[in-house]
Structures are given as structure tokens and as C-alpha cells.
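S.K.: Predicted model and sequence follow; I will ask about them next.
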Amino acid sequence: MADPPSISAAIAGLLPVINEGFVLIRDVFVADRKSRFYLGRVELQRTVMYGWEETWVDPLGLPEKKLQRFAEVTPLLARGILQQLVFLLRTFTDPEKLKVRYGIAVEKVGKLQRLDDLAREMKRVSSYLYTIDSRFSTKDLAAFQEHRLRLLDFFRSIRYTVLGGDTEMGELIERLKEFNRNLQLFTTPETRDVVTRTIFQLVAKDVAKDIDRTKRLEEAANYEAKHAIDQGEKENYDDLAKFANFSMAMQGANPDMSRKKIFRIDDFAFDSPYHLDKNATLARLFDYPTKYQSRLVLVEWVTVKRGVSSTAILQTLDETKVTWYILHAVKPDKLLLPATIGLIFDESSPRSIGIVFQLPSHIRGNLPTRPVSGRAGQHGERVVRSPKAIAAQRMPTSLRQLILKQYPKGIDLGIRFKLAQQLLDAVHLMHTARFTHRNIRPDNIIFFPSSTGTHSDPDPSNLDYTNPLLLGFHGARLETTFSPSATDTAAPAPTWTQPAGLKPILKNAAHRIAHAPPSRDIVVIDCYMHRDWRLAAGTHAPYRRQYDLYSVGCVLLELGLWATLDNVCGQDIGRRAPLADAAANAAVKESAAGGVVVVAEKDVWKDAETVREAARGLDVITGSVYAEVTRTCLSLKPISGDVLDLERRLAATLAQIAA
């Protein structure tokens, strides 16, 4: 039986050869524009393969150590992976099968050679592949290395050309799909989870440089989702397609996205029972989606400061349009981001701009009614929609409300673990698409009542914990063209620039705002923010992905302890901003009614240490794995390396725990 070192060495050695085979197939379709459809499908399978391969690479870029540990722990799975690599290489080097079944001919690059001679050469090169079986061992590694290099050189000296039609091309891509599917089957669930996240990263990797490639991947993933038989595979491809679309929206380069919808205030009913907080409310939208119909929506208000110019108001409107543009894009549910259906901008109240969010289907439609007596002189009753009845059935509950009021003794630990997993996974995907939220806190994580069945009223006594929504865009300024580097190092002060794809939408954005004082509060500065970001309040310091990760850590801490930060460890660390100077002190005091408490810089440091100290008590409640993930998120030190890789590992680790 093959030993683990020989298996891992063989797998690591054959991976570059497999990659060359994928390149040969991709190049078949690159030159022919008519083959765009097949090119996208091949590129998608190549991306899936790369995602699997990247999972094994260590910080030095080598897969051998991880593969050897895998082979030692699960030798049968490792042998299965080696077998799949060998089987695919046999396909790549079998001229008869390539021609008859897949419609592919093989040619020597730059040389004239008869087909029979080339077939014999391929047979000589590939004959060694048939000797790699369960008896493969360490003593065979020297011969393996020699034949592997010969095969690699041969692949680089040939090219494939198309002979067949759609049927043969479809067969070829199905063979690649089968190969990737089998690799996943021979991989442990923990590794498959990491592979899935890596594939998302690869899909969005070059969206800024080659958006046409991302578009091809989206089209291919849509096709595979539509034709997949397995439900899990269908969902994975569907998520990939939606994520590619969202990544393109972040670049402002999707010309197919529908135009803006600007509503007036009198298009809505803002009744008092719908009120959520000072920044958000439910509302009933009239004549939507068609005349005489109405829908329940959620509105977040972006409030422009008094005393600013009309130019600043238009600037804020354009920035809010960017928010709408991005959140309007089709995106996977894993992002936890709601869809937007338009904006509210009314010249009668230009300092209040509303972002209109679409609610879950069982919440937004089929609104309850109640009969009331007819008007004077009329007989019978008439039917009206009661705001109180609607609010009683359909009002959302925030995570903060759950902790403080509804379930002060806590909910099931398994549910809390699942919420933590969803939140960390969502933020990782956001960052993968170059999206930073900037306002993650329990007030902005909401849950709606569960559905009781088709066309039935929601059940307000049973919240849907499986589908939380992440809001908080009333204060979070989205950055679409400026983003931190992969290593998250400091960058120049951000400049808000209109993305090219938004030109037909942003009519007021003929200007460029550089180093200008913001017309509205970009974020709420409090203890959910990273210490460095709180200390940089009012400056042009860049916002880093690590700051979002810190906010996630704060929420994970609250989920574990089931206590809000302002009460953690019995200390009130409330909402407070650091003092910069006397003028800032006066300005903050004026806003004290809004819940901001003036504190010194030392208190910001104290708040951060209080949060970190509280995290030390997590192990007893949640276990060491959850606690360590939370403490890593709450790290105050600059993260070295790629933050996305760290988030991917943390999300994969958190996905494996259960109550």
C-alpha cells in the first residue's frame, strides 16, 4: 500500500501538470469569440480547481506539508485524490478519446508532425501514468519525478484544437465538472468549507482588471445552477453567480442594472406604530409594485447636517445613490444584506434622504386589514389596513433588543453559534467583494417573525433566526473606488470618485470631492469601533477591513456572553468619542442629546481593554474554539498578511463548532 509521504509527493507533483491541461483546454476557446459560452464554463471549472489547490498551499506557497498531514490522517481519501488526478491526465493524453468523445485534436506547436507519430509520442509520455496505483511508494519517487517533468514539457509543446460541435464540448466540460466533484468527495468537510470560501475569492480576484472574465464566470455559474441536479451543487453555483454580480456592482460597471427609483415622502405612510429608532422605520409604500397595491418596506434615513450648502446636500444624495446602486444588485443571501428598491428624496424636506429596503416576502405583502364603520350617510363597513395590526405581526427585533429585553436569560447556544457563523461568513464575503460595512453592531442586526406557511400571516412569537438582515447604512459611507490593499496597509486619504458605471445614474456628481469635510456623520463612533478608528475620528485616515472584523468580534462577544458591551463586566463603556481639541469638545457637548458622551483619549484605550478583558471569560460558556476566534477578531494589533485569508480561516474554524 502506498505510504503517506509518497502519496502527498505525487499529488503535489501532478497538480502543475493538471493546471497545464486546464490551460490547454481554455486556450481552445480563447481565440474564438463564438466560444465565449464554453470559455466561461471552462474558466469556472478551472477556478473551482484552483480553489481546491489553494487550500493546500502553506505560507511559503508549497502544498507538500499540508498534503502529507492529510495523507497521514486520512490515507484512503488521499489515495482517492491521487487516483482522480491520474484519471484526468489519462484523458488529457489519450488522442483517440480526445478526438472521438470530446472533439479535440492535438497538434505540435511550431512543428509539422503526422497524427500517428504524435499519437505514439503521447502514448510513450503517458504510459507511466498507468503504473501509478495502490502499490506506489517512496522508492518510486525518483522515476515519478523524471516522468512528471517529461509530461509537463510535453503539455507545453502541444495545443488542442476543436473538431467537434456542441455535444462534444458539453461532454468535455462535464468531464471537468466530474473531476472537481470527485475531488470534493475525497476532501474532508472542514477542507471543503475552506475551498468554497477560496473559490469566492478567486471569482472576485480580477474584477477590477478584467471585468469581462467575471461576467463570463457569472454567466457560466448561472448556467450550471440552472442545469444542476444535486440541490447542494445548484445552490453553490447560484451563490457564485450572484456573488460575481455583486462584485461587478461594486465596480460600478454593470450596465444591465435597472435605473434608480426616486420616491416622494407622500408615497408612503409613516405611522407611529412602524417606528424602529431615530434612523429607521417601517412604512407602507402605496401603488407598488403596481397601482392600487401596497408593500411594507423599511426606510433608513440619511440626515444631512443643518447649515451645509445645497451642494453638500446633492453630494450626500449622490453618495446615497451609490449605496442604492450596490445594494440593489442581485447578491447571495449569505451576505445578509437587504435589497434596495429606491430612494426617498423630496424637495420639501431635502435634508432627510431615505434608503428604501425590500423586506422578506412573507413580511412585505398580504398586509392585514380590519373592517370599520362606514362614513356618515353610508351603509355597511369598509376595510382599512391597520398600522397597529401590521406592526404587531411584522415588526423586526434587533439583536440588542433580544439581549436586553426579550430574552435576557439567553437563547439556545446553538442558535447563537449559528448567528456568529453567519455574521463572520457574511463579512468575509463582503470584504472579498471589496465592500466594507463600517457600522456593524447589534442594533443593526435584525430578525423578522417567521413565516407560518404560504400566504399566511407571520408568527410574531417565533423569530426567524436563520435569516438575519444586516442594516446600518444610514451612517456608513460606502467606498467603491477606494479600498485597502490586500495587506491592509495604510493608504492615502480616500477620495470619493464617481464610478464609471454610475454616470447615467448620478446626475449631480459632476464634481469630485477631495479632502472635504463630510456633510453627515460617516459612522457612529463608539465601543463597537476599533480603537485606532475611534482615535482617528474626524481625520482622513483610511478605513481598514480589520476595523469591520473588530466590530464582528464585539458582536461575537455579546452573543457568547449574552450581554451588551455597555453592560459587560458591570462597566458602562457607552457611546463616547475622543476629544481632539476644545472646539471638538464644544461640538460634542452640543450633540450630547444624541447619546454621545465626551471622554478623553485614555478612556478609548480603557474601553478597548475592557472589551478584551471580557473576552477572557468566554471559554467556560462557549468553549475554547469560539473564544479564540472572538479574541482574534478583537485583536488591536495591525494584522500582518492578507486579512481575507485570516477571515477565511476564522470563518472555516467557526463553521465546525456546534452546541
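M.R.: Cool, the structure landed. Numbers count the residues shown, from 1 in each chain.
S.K.: Check which helix or strand the spatially most central residue of the chain maps to.
M.R.: With distances taken as CA atoms, centre = their mean, residue 429 lies nearest the centre of the chain, 2.1 Å away. Taking DSSP states H and E as the definition, residue 429 sits inside helix 413-432.
S.K.: Going by neighbour count, which residues in that helix are buried?
M.R.: Burial within helix 413-432, assessed by neighbour count using 16 or more other CB atoms under 10 Å, is assigned to 413, 416-432. To be clear about C-beta, it is placed using only N, CA and C from the backbone, and glycine gets the same treatment.
S.K.: Kindly report the same for stretch 619-628.
M.R.: Buried, per 16+ other CB under 10 Å, within stretch 619-628: 622-623, 626-628.
S.K.: Adding distance to residue 437, write those out as CSV.
M.R.: What follows is those, written out as CSV (distance: CB to CB, whole Å):
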residue, distance to residue 437
622, 24
623, 27
626, 22
627, 24
628, 23
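S.K.: Let me have those in CSV, extended by distance to residue 19 and secondary structure.
M.R.: Below are the buried residues of stretch 619-628 laid out as CSV (distance: CB to CB, whole Å; DSSP: H, G, I helix; E, B strand; the rest coil):
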residue, distance to residue 19, secondary structure
622, 41, helix
623, 40, coil
626, 37, helix
627, 40, helix
628, 35, helix
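S.K.: what would these look like in a markdown table with pLDDT and distance to residue 441?
M.R.: Shown next, in a markdown table, are the buried residues of stretch 619-628 (pLDDT from 0 to 100; distance: CB to CB, whole Å):
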| residue | pLDDT | distance to residue 441 |
| --- | --- | --- |
| 622 | 95 | 20 |
| 623 | 94 | 25 |
| 626 | 97 | 20 |
| 627 | 96 | 21 |
| 628 | 96 | 22 |
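S.K.: Quick check: residue 34 vs residue 169, distance?
M.R.: Separation of residue 34 from residue 169 (CB to CB, to the nearest Å): 11 Å.
S.K.: Between these two, which is the more surrounded one?
M.R.: The residue with more neighbours, out of residue 34 and residue 169, is residue 169; 21 against 8, by other CB atoms under 10 Å.
S.K.: so what's residue 237 up against?
M.R.: Contact analysis of residue 237 by CB atoms under 8 Å, 6 or more residues apart in numbering lists 221-222, 224-225, 228.
S.K.: what's the closest non-adjacent residue to it?
M.R.: In space, and not counting its chain neighbours, residue 237 is closest to residue 225: 3.8 Å by CB to CB, 6 or more residues apart in numbering.
S.K.: Surely the one you found touches residue 241?
M.R.: Yes - if you go by CB atoms under 8 Å, residue 225 and residue 241 touch, sitting 6.1 Å apart.
S.K.: out of those two, which sits in the busier spot?
M.R.: residue 241 (24 against 18).
S.K.: Which residues are in contact with the more buried one?
M.R.: Residue 241 neighbours (CB under 8 Å, 6+ apart): 218-219, 221-222, 225.
S.K.: how about a cut-off of 7 Å?
M.R.: Counting by CB atoms under 7 Å, 6 or more residues apart in numbering, residue 241 makes contact with 218, 221-222, 225.
S.K.: can I get the CA coordinates of the helix or strand it falls within in CSV?
M.R.: Using DSSP H and E, residue 241 maps to helix 231-250. Taking C-alpha atoms only, helix 231-250 is exported to CSV below (Å, rounded to 0.1, in the frame of the first residue of the first chain):
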residue,chain,number,x,y,z
GLN,A,231,-29.6,20.7,-4.8
GLY,A,232,-26.4,21.5,-2.9
GLU,A,233,-24.5,21.9,-6.2
LYS,A,234,-27.3,24.1,-7.6
GLU,A,235,-27.2,26.4,-4.5
ASN,A,236,-23.4,26.7,-4.7
TYR,A,237,-23.4,27.7,-8.3
ASP,A,238,-26.3,30.1,-7.7
ASP,A,239,-24.4,31.8,-4.9
LEU,A,240,-21.3,32.1,-7.1
ALA,A,241,-23.3,33.7,-9.9
LYS,A,242,-24.9,36.2,-7.5
PHE,A,243,-21.6,37.0,-5.8
ALA,A,244,-20.0,37.7,-9.2
ASN,A,245,-22.8,40.1,-10.0
PHE,A,246,-22.4,41.8,-6.6
SER,A,247,-18.6,42.1,-7.2
MET,A,248,-19.3,43.8,-10.6
ALA,A,249,-21.8,46.2,-9.0
MET,A,250,-19.1,47.2,-6.5
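S.K.: Mind listing what's buried along that helix?
M.R.: For helix 231-250, a neighbour-count test (16+ other CB under 10 Å) marks 236-250 as buried.
S.K.: Paired strands for the helix or strand just after that helix, with orientation please.
M.R.: Note on helix 231-250: by DSSP H and E, the next helix or strand toward the C-terminus is strand 262-263. Applying DSSP bridges to the sheet, strand 262-263 is found paired with strand 340-344 (parallel).
S.K.: Now do the partner strand, average pLDDT.
M.R.: Averaging pLDDT along strand 340-344 yields 93.
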